[in-house]
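Asks: got a sequence here, can you model it:
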Amino acid sequence: MAAEARAHGGRYGKALAAVGAATALAAGAAAPATASAGQGVGERYVALGDSYTSAPGVPRQSGGDCARSSVNYPSLTAKALHQKSFKDVSCSGAKTDDFWRAQGANPPQLDALGTNTKLVTIGIGGNDIGFGEIIGACAQLSVSDPAGAPCRKQYTGADGGDLLNKRIADTAPKIAKVLKAVHRKAPHARVVLAGYPAIMPDDGVGCFPSVPIAAGDVPYLRDTEKKLNTMLRQQARKAHVRYADTYRATVGHDVCKPEADRWIEGAQPTRPAVPFHPNADGERAMAQPVITQARGR
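Replies: Next comes the predicted model:
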């Protein structure tokens, strides 16, 4: 099976290099700086989150290493809701801890909230379970057994349990803590927690080597993301906040689709975005359920 991968040598090598670059980008953006303090009255709409919120690589970019796009789903939501009092503090590489600590030049994300804040959208949790590390590991392992599930084996514990399931369970109280803090900092705000879009094909059929994920690991990663989204939905329900299902809104437009139908870029993006992240069409699709929930429908 490894011979099959080697036969695709150039394509696989380029795809793997692109995945490595994206992983390094996420890791670099996540470096913490000294925490800042203080809270103002806050903008009426504040967006918090990680790279699936900020949309790195999608023009036009701002926010330094945070890599925010002018057409990410928070910006599109603000426009649809005619929100002129709007602040986007999402940042590539963010974890839940970065809501309380500075991330590079980006202050703690919770500092943007205040008593005047009426809407908060949040997209977080992927980096807490190690999105970048998981994609990087699965891509590296795919060459050893492209028809198998080497990544699933990698994340199977000595007791036979799924280590990624444990990471998701360990992230749940962190999400609960975030939602509690948002309510405390912005007591009058409607809060919308966004899930993650459909990255892997929903039918479980991959496209190795252009997307260097082994055949058996495509459904494994799809199911892992679905479990993450289920946990987010559960935490939203427990905290009495709204959940925006961005997965359902993007099914059929995953990393393996042809360019014209692809809203989540693959290992080698053909439209402006970073690997395994939404392009402009993906952010536009993610905005729709967020807008619906923000409107209270």
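
Asks: can you pull out the strands in this protein?
Replies: 45-49, 61-62, 68-69, 86-88, 119-123, 190-194, 242-244 (DSSP state E).

Asks: let's have these in CSV, adding distance to residue 77, mean pLDDT and mean neighbour count.
Replies: No exception for glycine: its C-beta is placed from N, CA and C like everyone else's. Output for those, formatted as CSV (distance: least, Cβ to Cβ, whole Å; pLDDT from 0 to 100; neighbours: other Cβ atoms under 10 Å):
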stretch, distance to residue 77, mean pLDDT, mean neighbour count
strand 45-49, 7, 98, 28
strand 61-62, 17, 96, 14
strand 68-69, 13, 98, 27
strand 86-88, 9, 97, 20
strand 119-123, 6, 98, 27
strand 190-194, 9, 98, 25
strand 242-244, 10, 98, 23
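
Asks: export the ones you listed to TSV and tack on distance to residue 229?
Replies: Below are the strands of the chain laid out as TSV (distance: least, Cβ to Cβ, whole Å):
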stretch	distance to residue 229
strand 45-49	15
strand 61-62	27
strand 68-69	22
strand 86-88	22
strand 119-123	11
strand 190-194	10
strand 242-244	9
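
Asks: so the closest residue to residue 74 other than its chain neighbours bridges to which residues?
Replies: With sequence-adjacent residues excluded and distances taken as Cβ to Cβ, 6 or more residues apart in numbering, residue 74 is closest to residue 47, at 3.3 Å. Assessed by DSSP bridges, residue 47 has beta-bridge partners residue 88, residue 121.

Asks: I figured residue 47 hits residue 94, correct?
Replies: No: Residue 47 lies out of contact with residue 94 (Cβ atoms under 8 Å); the separation is 11.6 Å.

Asks: how far does stretch 240-251 sit from its chain's centre?
Replies: Counting by Cα atoms, centre = their mean, to the nearest Å, stretch 240-251 is centred 13 Å from the centre of its parent chain.
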